[in-house]
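Student: Okay, structure incoming, though there's no sequence with it:
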């Protein structure tokens with residue numbers, strides 16, 4: 001017998017909120033001559049794959065350390081201009097339209113948590129985004145824990161702090177991966193699709209499980 005979902009654990013980047021890459025690329029237009037690599041490549045390719053990223057996520061290096069290392073690799077202009085640019089990008093997280101309404105609705109029936117591979121300064125930044133932070137009962141950050149996905153230990157901590165279990169917790173992220181500690185969450189992986197928004201993915205999962213919330217206008221369910 002499948003147990004009803006009691007809690008939902010969300011990845012942050014690309015699920016609950018995303019940074020404005022297009023806006024940052026536009027903002028870089030007037031200083032394009034200082035870049036040795038196109039700004040879009042800096043943000044979408046070099047930053048996520050930077051060698052310091054694992055250390056940043058584990059709290060062994062700071063977000064500033066990573067951006068400073070990146071500056072030395074791709075920038076030939078004044079440091080203060082670079083810092084203004086990347087700090088504006090780092091602060092540009094926004095939730096997709098409709099996500100806040102969905103989270104408010106889900107919170108009436110479920111405990112909601114964030115599980116994110118992120119730096120030690122992420123919690124302070126999150127507190128500066130009350131329109132995002134207010135929806136979550138629990139926030140688990142890799143740099144504070146000293147472990148990151150796909151370690152099962154960080155999932156155990158997040159689920160435990162939600163007062164839930166693996167069998168009664170759904171985890172939503174941008175891509176299907178094999179990071180689940182146990183295969184009880186196959187129902188979530190089977191509908192997780194990078195082309196879907198957070199809300200669409202969530203609804204498609206929850207419509208296959210008991211205690212489904214009332215659908216939010218704008219989100220399409222494919223319940224059978």
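Tutor: That came through fine. These figures come from a predicted structure and were not determined experimentally.
Student: Which stretches in the chain count as helices?
Tutor: Secondary structure of the chain (DSSP state H): helices at 21-27, 39-41, 53-57, 63-74, 79-90, 99-107, 122-127, 130-133, 142-145, 152-161, 186-191, 198-206.
Student: Ranked by average pLDDT, which of the ones you listed falls at the bottom?
Tutor: Across the helices of the chain, helix 186-191 has the smallest mean pLDDT, namely a mean of 37.
Student: From the recorded domain assignment, give the ranges for this structure.
Tutor: The chain breaks down by automatic domain parsing into domains covering 7-18+95-206, 21-90.
Student: okay, those, which one's buried deepest?
Tutor: Neighbour counts (mean count of other C-beta atoms under 10 Å) averaged over each of the domains of the chain peak at domain 7-18+95-206, with a mean of 18. Just so you know, the C-beta spots here come from the backbone N, C-alpha and C atoms, and that holds for glycine as well.
Student: residue contacts, the spatially most distant residue from the centre of the chain?
Tutor: Each residue of the chain has a distance to the centre, and by C-alpha atoms, centre = their mean the biggest one is for residue 33: 31.8 Å. Shown in contact with residue 33 (C-beta atoms under 8 Å, 6 or more residues apart in numbering): residue 77.
Student: Just the pLDDT at it, thanks.
Tutor: 96.
Student: again with the one 10 residues further on
Tutor: Residue-level confidence at residue 43 comes out at 97, pLDDT.
Student: Now do the contacts for it.
Tutor: So residue 43 contacts 19, 21, 24, 25, 89 (C-beta under 8 Å, 6+ apart).
Student: List just the nearest of those residues to residue 123.
Tutor: Lowest distance from residue 123 to the contacts of residue 43 (C-beta to C-beta) belongs to residue 19, with 17.1 Å.
Student: Now for the closest one: which residues touch it?
Tutor: Residue 19 touches 13, 43, 89, 90, 92, 93, counting by C-beta under 8 Å, 6+ apart.
Student: What is the nearest of the residues you listed to residue 158?
Tutor: Once C-beta to C-beta is applied, the member of these that ends up nearest residue 158 is residue 13, at 15.7 Å.
Student: Grab the nearest non-local neighbour of the closest one.
Tutor: In space, and not counting its chain neighbours, residue 13 is closest to residue 116: 6.8 Å by C-beta to C-beta, 6 or more residues apart in numbering.
Student: Return the residues in contact with the one you found.
Tutor: Applying C-beta under 8 Å, 6+ apart, the residues near residue 116 are 11, 12, 13, 122, 139, 140, 141, 142.
Student: any idea how far residue 68 lies from residue 57?
Tutor: 17 Å (C-beta to C-beta, to the nearest Å).
Student: Need the per-residue pLDDT for residue 77.
Tutor: The predicted local confidence for residue 77 is 97.
Student: for residue 96, that is, sorry about that
Tutor: In this model, residue 96 carries a pLDDT of 83.
Student: so it touches residue 18, yeah?
Tutor: Yes: using C-beta atoms under 8 Å, residue 96 is in contact with residue 18, at 7.5 Å.
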